[in-house]
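>>> here's my sequence, what's the structure:
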Amino acid sequence: MYIGVDLGSRTVKMAVWDGERLVEHRIEPSGFEPHRQAEKMIADYRAKVVVATGYGRHLAAGHFADAVITEIKAHARGIFHEFPGCATIVDVGGQDSKVISLDAAGRVSNFQMNDKCAAGTGRFLEIMAASLAYTLEEFGRAALTADQEVLINSMCTVFAESEVISMKNRGIARDRIARAVHSSVADRLAGMLARLGHGDPVAFSGGVARNPCMVELLEKRLPRVLVPELPDITGALGAALHGTGI
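From the prediction side, this is the model:
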């Protein structure tokens, strides 16, 4: 067994690869000590190699991981396995968003990251959902139902939340506001892709790829968007696949 563990800012993801296929995966909250959470998750498996990625990868290396790999390389490996020939990746996680260009062999050729603020990340969507009294699951579905949207001018989380509160107080329907929030994130991601100079097709990974409105809005802005069946474990899968070569 080859195990990949993605120790993210919000969750810990585990992927178990038996040399031919994905046989198990799990997602748990990161908690205060994500490496302890990861140790519990892998405890029942006899792994040949454990590879860690994500924010907590170096902490994992000091406790249980045999090797570490960057998130950029892990997502590249995981997505290229799912979609051979994929040229570009959009990965939206809890605390950052990334766009990654791949060469014909699936190697990283270029990338950009937004990791300086919450704008355009899962955390941004989470805060906006709470402001509108939605759960995250409800948020994307509600945004899809809006027949019209309004414009959010700020991508700063604090100022965007102020705009949302102002819209609520003006009586604007919350599904329209929800749609506007999603559009602002999609615009930011499309802008990052344009600066990178993306190829086609684009794969969407990370937990935010489960949001149906985000997928729809990216599909409107890009020629073709591919979403893996398990987008939130892409990094963990890529780490496990990396382990097969160690």
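>>> and the nearest residue to Pro223 once chain neighbours are set aside, what is it in contact with?
Nearest residue to Pro223, sequence neighbours excluded (Cβ to Cβ, 6 or more residues apart in numbering): Asp200, at 4.9 Å. Every residue, glycine included, has its C-beta placed from N, CA and C. By Cβ atoms under 8 Å, 6 or more residues apart in numbering, the contact set of Asp200 is Ala87, Thr88, Leu222, Pro223, Arg224.
>>> check contacts around the last one.
Listed by Cβ under 8 Å, 6+ apart, the contact partners of Arg224 are Asp200, Pro201, Val202.
>>> looking at these, which one is closest to Arg174?
The nearest member of the contacts of Arg224 to Arg174, counting by Cβ to Cβ, is Val202 at 29.7 Å.
>>> now the closest one: closest residue in space, sequence neighbours ignored.
Thr88 (4.5 Å).
>>> tell me the helix or strand right after the worst-scoring helix or strand of the chain on mean pLDDT.
Least confident helix or strand, the chain: helix 157-169 with a mean of 83, by mean pLDDT, DSSP states H and E. Helices and strands here follow DSSP states H and E; after helix 157-169, the next one along the chain is helix 174-196.
>>> other SSEs contacting that next one?
Here helix 174-196 touches strand 88-92, strand 97-102, strand 108-114, helix 122-131, helix 136-145, helix 157-169, helix 212-221, going by 3 or more Cβ pairs under 8 Å, 6 or more residues apart in numbering; DSSP states H and E.
>>> hmm, 6 Å instead?
strand 97-102, helix 136-145, helix 212-221 (3 or more Cβ pairs under 6 Å, 6 or more residues apart in numbering; DSSP states H and E).
>>> list the buried ones in that helix?
174-186, 188-193, 196 (16 or more other Cβ atoms under 10 Å).
>>> same question for stretch 229-244.
Buried, per 16+ other Cβ under 10 Å, within stretch 229-244: 230-243.
>>> look up the pLDDT of the residue nearest the centre of the chain for me, please.
Centroid-nearest residue in the chain, with Cα atoms, centre = their mean: Gly206, separated by 2.2 Å. Gly206 is assigned a pLDDT of 93 by the prediction.
>>> what's the domain layout of the chain?
1-83+229-246, 85-227 (automatic domain parsing).
>>> mean pLDDT lowest where, among these?
Minimum mean pLDDT among the domains of the chain: domain 85-227, a mean of 89.
>>> check contacts around the residue nearest to the centre of the chain.
Asp91, Val92, Gly93 (Cβ atoms under 6 Å, 6 or more residues apart in numbering).
>>> mind doing that once more with 10 Å?
8, 71, 75, 89-94, 96-98, 121-122, 214, 231-235 (Cβ atoms under 10 Å, 6 or more residues apart in numbering).
>>> ok, Ala142 next?
Counted by Cβ under 10 Å, 6+ apart, Ala142 has contacts 129, 132, 134-135, 173-179, 182, 213.
>>> any idea how far the closest residue to Leu222 other than its chain neighbours is from Ala142?
The spatially closest residue to Leu222, leaving aside those adjacent along the chain, is Val202, at 5.3 Å (Cβ to Cβ, 6+ apart). The gap separating Val202 from Ala142 is 25 Å, by Cβ to Cβ, to the nearest Å.
>>> same check, this time on Ala240
From Ala240 over to Ala142 (counting by Cβ to Cβ), the distance is 35 Å.
>>> and for the residue nearest to Asp187 when sequence neighbours are not counted, the neighbour number?
Nearest non-adjacent residue to Asp187, counting by Cβ to Cβ, 6+ apart: Arg221, 7.8 Å away. Other residues lying near Arg221 total 16 when counted by other Cβ atoms under 10 Å.
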